[in-house]
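J.: Sequence below, structure please.
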Amino acid sequence: MTSLEIKGKKISVFGSENTSLPLVILNTYGDEGQKVWNECQKLNCQPFCLAAISNLDWNNELSPWKSPALYKNDGGFSGGADSYLSLLTEKIIPNVCDSITSKPPYIALAGYSLAGLFAIHAAYKTDIFSRIASASGSLWFPGFEEYVKSHDFIKKPDSIYLSLGDTEAKAKNTVLATVKDKTESLFELYKSLEIPIIFELNKGNHFTEAALRTAKGIKWTLER
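T.: This next block holds a predicted model:
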């Protein structure tokens, strides 16, 4: 593993440094890159390099625009995704590519929860990511479904992976409870665009086996 620090972000790079392999960028809530990497090995993923980024301002840097808090005592979303995406594409990824010495044949973007929302949002802003994996993505985010339906990808992704826990739509919060309907809506939209896509339902709620669910998304993405 190689460790980098760029503009306050911590990046852990897993995988061979001497072979040209696909590069998967993973934004993480904590520092769960090692857990996801381990799950990927258990699933016998095709060889790849993983760059797991931590120390993110989660509700700011991964939200596409400002939105109120979901709960009374929580912070809201401040809409810093585009600014973070610039840092990711202009500083972090070039440094990661330098660290692995070999140019990857393609770069995929993966994420769980709000990072899964960011992964899809990024494809509307840049063409650097050819494959997208959104595991239990926060596609309930207010206005996102409408945004997607009124905008085009910068470049149509080669594949998109979507997943949810099968009880996520049972959330008491009325905004969160829309997640299954909105995920299915995007699934049907992307399918109509003839993008290779899957929508996978996993057992459990939003917090069940997050590292494994993320790894499953990465595995599918590498195989498409």
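
J.: Relative to Thr89, how far out is the residue lying closest to Pro22 once chain neighbours are set aside?
T.: Once flanking residues are discounted, Pro22 sits nearest to Phe48: 4.6 Å by C-beta to C-beta, 6 or more residues apart in numbering. For every residue, glycine as well, the C-beta is placed using N, CA and C. Between Phe48 and Thr89 the computed distance is 19 Å (C-beta to C-beta, to the nearest Å).

J.: Touching, the residue nearest to Pro22 and Ile25? I think so.
T.: No: using C-beta atoms under 8 Å, Phe48 is not in contact with Ile25; the gap is 11.0 Å.

J.: who's more crowded, the two?
T.: Ile25 (25 against 20; other C-beta atoms under 10 Å).

J.: Show me what the more buried one bridges to in the sheet.
T.: Counting by DSSP bridges, Ile25 is bridged to Ala51, Leu109.

J.: And it, how close does it get to Gly137?
T.: Taking C-beta to C-beta, one finds Ile25 at 15 Å from Gly137.

J.: list the contacts for the residue nearest to the spatial centre of the chain?
T.: The centre of the chain sits closest to Gly111, judged by C-alpha atoms, centre = their mean, with a distance of 2.4 Å. By C-beta atoms under 8 Å, 6 or more residues apart in numbering, the contact list for Gly111 reads 26-27, 62, 117-119, 133-135, 137, 214.

J.: So which of these belong to strands?
T.: Using DSSP state E to define strands, the subset of these located there is 26-27, 133-135.

J.: Can you point out the buried residues in stretch 46-61?
T.: By neighbour count on 16 or more other C-beta atoms under 10 Å, the buried set for stretch 46-61 is 48-54, 56, 58-61.

J.: Looking at the residues you listed, spot the one nearest Leu193.
T.: Phe48 (25.5 Å; C-beta to C-beta).

J.: residue boundaries of the helices in this structure?
T.: 33-42, 58-61, 81-87, 93-100, 114-122, 144-149, 179-192, 210-222 (DSSP state H).

J.: Show residues contacting the longest one.
T.: Surrounding helix 179-192, the residues in contact under the criterion C-beta under 8 Å, 6+ apart are 120, 137-140, 144-145, 148-149, 160, 162, 164, 168-169, 171, 197, 199.

J.: quick check: angle from that helix to helix 114-122?
T.: Computed by axes from the mean of the first three to the mean of the last three C-alpha atoms, to 10 degrees, the angle separating helix 179-192 from helix 114-122 equals 30 degrees.

J.: Return the distance of helix 179-192 from the chain's centre.
T.: Relative to the chain's own centre, helix 179-192 is displaced by 16 Å; criterion: C-alpha atoms, centre = their mean, to the nearest Å.
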